[in-house]
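Novice: Prediction below, plus the sequence it came from.
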Amino acid sequence: ATPTVAFTSSVSPKPAVSTTATLSPSPSSIATTNVTNSPSPSPSSSSSPSPSLSPNPSLSPSPSVTVTSTPSGDSVCFPGSAWVTTCSGDTKLMGSVQIGDCVQVRPDGTQSTVFMWGHHSPSKVTEFVHVEYRFQDSESGSLVLSPDHYLYVHDTLVRAADVRIGDKVRVLGDYVGIVTEVSRTKQVGLYHPHTLHGDIMVNGVHVSTFAAILPVWFQYTVLGVFRWMYLTVGSSRVYNEYLSGMLDEGSVIRPILLKMLKWVS
């Protein structure tokens, strides 16, 4: 079942979570069908935005969310074509990212470490939301992610399925991009990296590592156990074996986590 999520549009640096608990600000192609929206110019194709705008203020990773159902966990990821920006400024495809990699997690260049995978399925075909955006008039880029995954829109966490033409996203370099087209596409690969910070830059766009399955503060709290494990024994074979795709089919941890999601939802 797909969740129904309600959001606030507050731009406050630290908006409150509906459950009254707060999240620490630094915890951290195949055929497509266009989503119905008002007409908008189509951008030129480009995978990586060139940061040439003046910087904008930083965003806060704390959203206000309300969760009304529990999904399977397969709609909270990125395809194999997605890429991250490493701490050295290079780009790396999702399938090449490893636990322990240092990546950029905020538009201002903040860095953090990948400490586990929610999903790591190279061959799985899934439907994603394809968001195209434009900035500095002529520059463009795109982001492909699962419908229930959160990205920052107007300084607030919003499900990818709820993004609309005209929305503003934050681009690497701390610049603002305007959404010009939203469509659906099926792509290969299902990857869900988690960083110690809680955010990550994917295809040059500021997104969360969390999704609309439970309140973000709760997800961050639960993953505290795994953060501790990584910081304690992160280089061990056992850790990498069990936490590299813990929601994938066949994972020994998947049944436990899905029961937990059902119990708390």
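Specialist: Cool, the structure landed. Numbering: from 1, shown residues only.
Novice: Okay, strands next: where are they in the stretch 151-265 of the chain?
Specialist: 156-159, 168-171, 175-195, 199-202, 205-211 (DSSP state E, counting those that start in this stretch).
Novice: Could you dump the ones you listed into a markdown table and include mean pLDDT, distance to Trp228 and mean neighbour count?
Specialist: C-beta: built from backbone N, CA, C; applies to glycine. A markdown table is the format used below for the strands of the stretch 151-265 of the chain (pLDDT from 0 to 100; distance: least, CB to CB, whole Å; neighbours: other CB atoms under 10 Å):
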| stretch | mean pLDDT | distance to Trp228 | mean neighbour count |
| --- | --- | --- | --- |
| strand 156-159 | 94 | 25 | 24 |
| strand 168-171 | 94 | 30 | 24 |
| strand 175-195 | 94 | 13 | 21 |
| strand 199-202 | 97 | 19 | 25 |
| strand 205-211 | 95 | 17 | 27 |
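Novice: among the ones you listed, which is nearest Thr86?
Specialist: Of all the strands of the stretch 151-265 of the chain, strand 199-202 sits nearest to Thr86, with 10.0 Å by CB to CB.
Novice: elements contacting that closest one?
Specialist: strand 83-85, strand 102-104, strand 205-211 (3 or more CB pairs under 8 Å, 6 or more residues apart in numbering; DSSP states H and E).
Novice: CA-only coordinates of it in PDB, if you can.
Specialist: What follows is strand 199-202, C-alpha atoms only, in PDB (Å, rounded to 0.1, in the frame of the first residue of the first chain):
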ATOM      1  CA  ASP A 199      21.200  13.900   3.900                       C
ATOM      2  CA  ILE A 200      23.000  13.300   0.600                       C
ATOM      3  CA  MET A 201      23.500  15.000  -2.700                       C
ATOM      4  CA  VAL A 202      22.200  12.900  -5.600                       C
END
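Novice: Arg159 versus Glu127, what's the distance?
Specialist: 14 Å (CB to CB, to the nearest Å).
Novice: repeat for Gln219
Specialist: Gln219 is 14 Å from Arg159, by CB to CB.
Novice: What of Ile200?
Specialist: Taking CB to CB, one finds Ile200 at 16 Å from Arg159.
Novice: tell me which helix or strand of the protein sits lowest on mean pLDDT?
Specialist: Within the chain, judged by mean pLDDT, DSSP states H and E, the helix or strand with the poorest mean is strand 65-67; its value is a mean of 34.
Novice: Following element in sequence after the lengthiest strand in the chain, please.
Specialist: Assignment by DSSP state E gives strand 111-135 as the longest strand of the chain. Downstream of strand 111-135, the first helix or strand assigned by DSSP states H and E is strand 139-145.
Novice: which other helices and strands contact that next one?
Specialist: Here strand 139-145 touches strand 111-135, strand 175-195, strand 205-211, going by 3+ CB pairs under 8 Å, 6+ apart.
Novice: would you turn these into CSV with distance to Cys87?
Specialist: What follows is the helices and strands packed on strand 139-145, written out as CSV (distance: least, CB to CB, whole Å):
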stretch, distance to Cys87
strand 111-135, 5
strand 175-195, 11
strand 205-211, 16
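Novice: out of those strands, which comes closest to His154?
Specialist: Comparing the helices and strands packed on strand 139-145 by CB to CB, strand 175-195 comes nearest, at 9.8 Å.
Novice: Next, the angle from that closest one to strand 205-211.
Specialist: In terms of direction (axes from the mean of the first three to the mean of the last three CA atoms, to 10 degrees), strand 175-195 departs from strand 205-211 by 40 degrees.
Novice: surely Val114 meets Ser96?
Specialist: No - using CB atoms under 8 Å, Val114 is not in contact with Ser96; the gap is 11.4 Å.
Novice: so the residue lying closest to Thr195 once chain neighbours are set aside bridges to which residues?
Specialist: Using CB to CB, 6 or more residues apart in numbering and skipping the chain neighbours, the partner closest in space to Thr195 is Ser112 (4.2 Å). Counting by DSSP bridges, Ser112 is bridged to Val103.
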